[in-house]
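S.K.: model this:
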Amino acid sequence: MRLVLASASPRRADLLRAAGYSFETLAVDLDEEVEAGETPAAYVARLAHEKSAAAMQQFLSRAQICGGPDQPPLKLRRSAVALAKAERAAPHDVIVLGADTTVVVDNEILGKPRDDRDAAQMLMKLSGRAHEVLTGISLRTSAGEWGRVETTRVYMTDLTADDIAWYVASGEGRDKAGGYAVQGLASRFISRIDGSYSNVVGLPVEAVSAVLRDIMGKSL
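M.R.: Coordinates of the predicted model:
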């Protein structure tokens, strides 16, 4: 099995590595705006799907340019039809993993903060209450796509104005959904987690493992 992680996130890479997976990374850059009327679950599922699809196209395009060890380089085929045909012809042992995580409170999606003021407002919304962390995963092969959404409930303690100012100034939450990192300084503010801890970090490893087992079982 050749696993490709469609992400530049060091946290997702660390989680996979800690679970014993060997993989390569292939970052993708997508518009992560929420579509009108989109639910949180549909949002993370869509982005995970788009990330795995984009990474598969990049992976195949790179292979077509470079060629195999005994093949001359091939010209990049740009049409959607050609890429779809190429995806069906992809090596059977290649699995691309796309994932997207968001924080949800009162059905409001809290993505990465725009700036420190936005991060502080997010923390005020999360203070002293429970919220959900949702991660959509998409695993894509030449045979098709498998996906699911994992939900974890997180309880945050009451935060004072000084707590929020201190944490925002640390800069830790600037590139994190919801404006905080459960595995870092913000761990002092988390009183309870119901569900997958790794999901809150950014990748539900057990869910990924379960889907991988399903894929490999179907490929036998």
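S.K.: so residue 187, which of the three states?
M.R.: Classification of residue 187 using DSSP: H, G, I helix; E, B strand; the rest coil returns helix.
S.K.: same question for residue 36.
M.R.: Residue 36 is classified as coil under three-state DSSP.
S.K.: quick one: contacts for it?
M.R.: By CB atoms under 8 Å, 6 or more residues apart in numbering, the contact list for residue 36 is empty. For the C-beta atoms, the positions are set from N, CA and C on the backbone; glycine is no exception.
S.K.: gap between it and residue 43?
M.R.: Distance of residue 36 to residue 43, given as CB to CB, to the nearest Å: 11 Å.
S.K.: next: residue 10.
M.R.: For residue 10, the distance to residue 43 - CB to CB - is 23 Å.
S.K.: higher neighbour count, the two?
M.R.: residue 43 (22 against 11; other CB atoms under 10 Å).
S.K.: can you confirm the more buried one is in a helix?
M.R.: Yes - under three-state DSSP, residue 43 falls within a helix.
S.K.: residue contacts, it?
M.R.: By CB under 8 Å, 6+ apart, the neighbours of residue 43 are 34, 35, 100, 102, 109, 136.
S.K.: burial of residue 62, as a residue count?
M.R.: Neighbourhood size, residue 62 [other CB under 10 Å]: 11.
S.K.: helix or strand: which one has it?
M.R.: Taking DSSP states H and E as the definition, residue 62 sits inside helix 40-66.
S.K.: by mean pLDDT, which helix or strand of this protein comes out lowest?
M.R.: Lowest on mean pLDDT, DSSP states H and E among the helices and strands of the chain sits helix 80-88, with a mean of 51.
S.K.: following that one, which helix or strand shows up next?
M.R.: According to DSSP H and E, the helix or strand after helix 80-88 is strand 94-105.
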